[in-house]
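Enquirer: The amino acid sequence is not available; the structure is as follows:
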Ligand SMILES: *Cc1c(COP(=O)(O)O)cnc(C)c1O
């Protein structure tokens, strides 16, 4: 990843179709569009590829995550359990609905720690939302039994793991609803966009309405349509959908390239006995967009991370010291810094963040490096990179 590395003729052709008829909107204008319905076509591709009954495109992954919660009826004051290692969008999406993100420790899967999830359930918990970070998944079977026992929703944020699988199912399709992002740096990109997938026809209908101002899409006069519920505008444009359509058809190719590159680097790093790799839950297969490994301690990891940067091994993230993905640096969330007043429920709901520590997660994130696997590398470049990484790590381990 990201998919933009291999933009080419296929993407250009789909976009040209749209520009040639000039209909940039996904609904209506039937007579002008010469049969081009890029958003609809992409939704069908997603349904087929991920073997789900429904897919609804939206304008971003954040909109998709938020909508996946909204269609499951999550709102004011409800608690949603998420990992403390995620992208900020996961808690933003929850807070958009007036709900409360309950951040929970992760384990060596780099996703939700099952025991910590169990301890965090309260009478207000309405959903568990695992985030399949850096291409691999949470223990979905364990989470599903917790959800079933408490009659709450299992909602997957699969924005970073498109194409990964668990027990033979596509990530995003195992829970009640799942979401993807197609922003510019994701495995499949369309500039800005996202999708929700589900087998629940009621949720799918809600998503169809909610993402377009509540329109029920009955008949062919938009002005005369009914609005069974309130909604917003989270529509994707035909231009974005056109790029996504070309990209999704290439997903299998992208994943096999990623797998090849990932395997070369992993095999090289495996020679170093001090290195361990992220645990992938049984029955799961990553999408190989990142290679995640652990070093012996925080100090060594910082040294390796700095040496990688200095020596030109780019795209390896030490999330412990990074603002985007880990609780440690989210002062704006901990202090609820909002442009507008936030409800008392949310303020109170987030008070725990002032005192809660995340030692378990610090232990894993502090020792983790997460290395982006690029599509555009040549095999020689990957091999060169792998030996450079091994050399740097060995030298630092010898020093300490
Ligand atoms: C990218 C991402 C999102 C949000 O996607 P956008 O399309 O950028 O809004 C949500 N969750 C995770 C885990 C992501 O990585």
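Expert: Perfect, I can see it now. As the structure is a prediction and not an experimental result, all values here were calculated from the model. Numbering: from 1, shown residues only.

Enquirer: Point out the residues in this structure that sit beside the ligand.
Expert: 60-62, 65, 86-87, 89-90, 131, 157, 159-160, 181, 183, 194 (CB under 6 Å from any ligand atom). In short, each C-beta sits where N, CA and C put it, glycine included.

Enquirer: Apply 8 Å and report the result again.
Expert: The chain has residues 60-65, 86-87, 89-90, 93, 131-133, 157, 159-160, 179, 181-183, 185-186, 192-194 near the ligand, with proximity defined as CB under 8 Å from any ligand atom.

Enquirer: Give me the buried entries from the residues you listed.
Expert: 60-65, 86-87, 89-90, 93, 131-133, 157, 159-160, 179, 181-183, 186, 192-194 (16 or more other CB atoms under 10 Å).

Enquirer: In the protein, what residue lies closest to the ligand?
Expert: residue 61 (2.3 Å; CB to the nearest ligand atom).

Enquirer: one step back: in helices only, show me the residues of the chain next to the ligand.
Expert: 61, 62, 63, 64, 65, 89, 90, 93 (DSSP state H).

Enquirer: Can you pick out the most distant pair from the residues you listed?
Expert: For these, with distances taken as CB to CB, the pair at the greatest spread is 63 and 90 (12.8 Å).

Enquirer: wouldn't residue 382 be in contact with residue 261 here?
Expert: Yes - assessed by CB atoms under 8 Å, residue 382 is found in contact with residue 261 at 4.8 Å.

Enquirer: tell me the contacts of residue 75?
Expert: Residues counted as contacts of residue 75 (CB atoms under 8 Å, 6 or more residues apart in numbering) are 97, 98, 99.

Enquirer: For these, give me CSV that also has pLDDT.
Expert: Below are the contacts of residue 75 laid out as CSV (pLDDT from 0 to 100):
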residue, pLDDT
97, 98
98, 98
99, 98
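
Enquirer: Let's see if you can find the most crowded of those residues.
Expert: Counting neighbours by other CB atoms under 10 Å, the top entry in the contacts of residue 75 is residue 99, with 26 neighbours.

Enquirer: who touches the nearest residue to it once chain neighbours are set aside in this structure?
Expert: Distance criterion CB to CB, 6 or more residues apart in numbering; nearest residue to residue 99, sequence neighbours excluded, is residue 78 at 4.5 Å. For residue 78, the contacting residues are 97, 99, 100, 124, 125, 126, 127, by CB under 8 Å, 6+ apart.

Enquirer: per-residue pLDDT, residue 1?
Expert: Residue 1 carries a pLDDT value of 75.

Enquirer: Touching, it and residue 254? I think so.
Expert: Yes - between residue 1 and residue 254 there is a contact under CB under 8 Å: 7.2 Å.

Enquirer: Which residues are in contact with each of these two?
Expert: 187, 375.

Enquirer: quick one: buried residues of stretch 40-49?
Expert: Within stretch 40-49, judged by 16+ other CB under 10 Å, the buried ones are 41, 42, 43, 45, 46, 49.

Enquirer: now do stretch 246-266
Expert: In stretch 246-266, counting by 16+ other CB under 10 Å, buried: 246-248, 250-251, 254-255, 257-258, 261-262, 264-266.

Enquirer: same thing with stretch 223-242?
Expert: Applying 16+ other CB under 10 Å to stretch 223-242 flags 225, 231, 232, 234, 235, 236, 237, 238, 239, 240, 241, 242 as buried.

Enquirer: can you check stretch 11-31 too?
Expert: Result for stretch 11-31 [16+ other CB under 10 Å]: buried residues 11, 14, 15, 17, 18, 23, 26, 27.

Enquirer: Next: stretch 371-384.
Expert: By neighbour count on 16+ other CB under 10 Å, the buried set for stretch 371-384 is 371, 372, 373, 374, 375, 377, 382.

Enquirer: Which one of those is nearest to residue 341?
Expert: residue 372 (38.9 Å).

Enquirer: Find the nearest non-adjacent residue to the closest one, please.
Expert: Excluding its sequence neighbours, the residue lying closest to residue 372 (CB to CB, 6+ apart) is residue 315, at 3.6 Å.

Enquirer: Now do the same contact list for that neighbour.
Expert: 371, 372, 374.

Enquirer: Could you give the number of residues near residue 149?
Expert: 10.

Enquirer: Check it and give its pLDDT.
Expert: 98.

Enquirer: My reading is that it lies in a helix. Confirm?
Expert: Yes - counting by DSSP: H, G, I helix; E, B strand; the rest coil, residue 149 is part of a helix.

Enquirer: Look up how far residue 73 lies from it.
Expert: 19 Å (CB to CB, to the nearest Å).

Enquirer: same deal with residue 212?
Expert: Taking CB to CB, one finds residue 212 at 19 Å from residue 73.

Enquirer: Out of the buried residues of stretch 246-266, which sit inside helices?
Expert: 246-248, 251, 254-255, 257-258, 261-262, 264-266.

Enquirer: any idea how far residue 101 is from residue 340?
Expert: According to CB to CB, residue 340 stands 18 Å off from residue 101.

Enquirer: Comparing these two, which residue is more hemmed in?
Expert: Legend: neighbour count by other CB under 10 Å for residue 340 and residue 101, higher for residue 101 (23 against 4).

Enquirer: Averaged pLDDT, stretch 175-189. What do you get?
Expert: Across stretch 175-189, the per-residue pLDDT values average to 97.

Enquirer: Make 51 the starting number, not 1.
Expert: Fine by me, first position is 51 from now on; the one you just mentioned is stretch 225-239.

Enquirer: Give me the pLDDT for the residue nearest to the spatial centre of the chain.
Expert: Centroid-nearest residue in the chain, with CA atoms, centre = their mean: residue 209, separated by 1.9 Å. According to the prediction, residue 209 has pLDDT 98.

Enquirer: One more: residue 248?
Expert: The model's pLDDT for residue 248 equals 98.

Enquirer: the helices in this protein, which residues?
Expert: With DSSP H as the criterion, the chain has helices spanning 59-71, 88-100, 111-120, 138-145, 164-170, 190-200, 251-260, 288-298, 301-319, 348-360, 381-384, 394-399, 409-415, 429-449.
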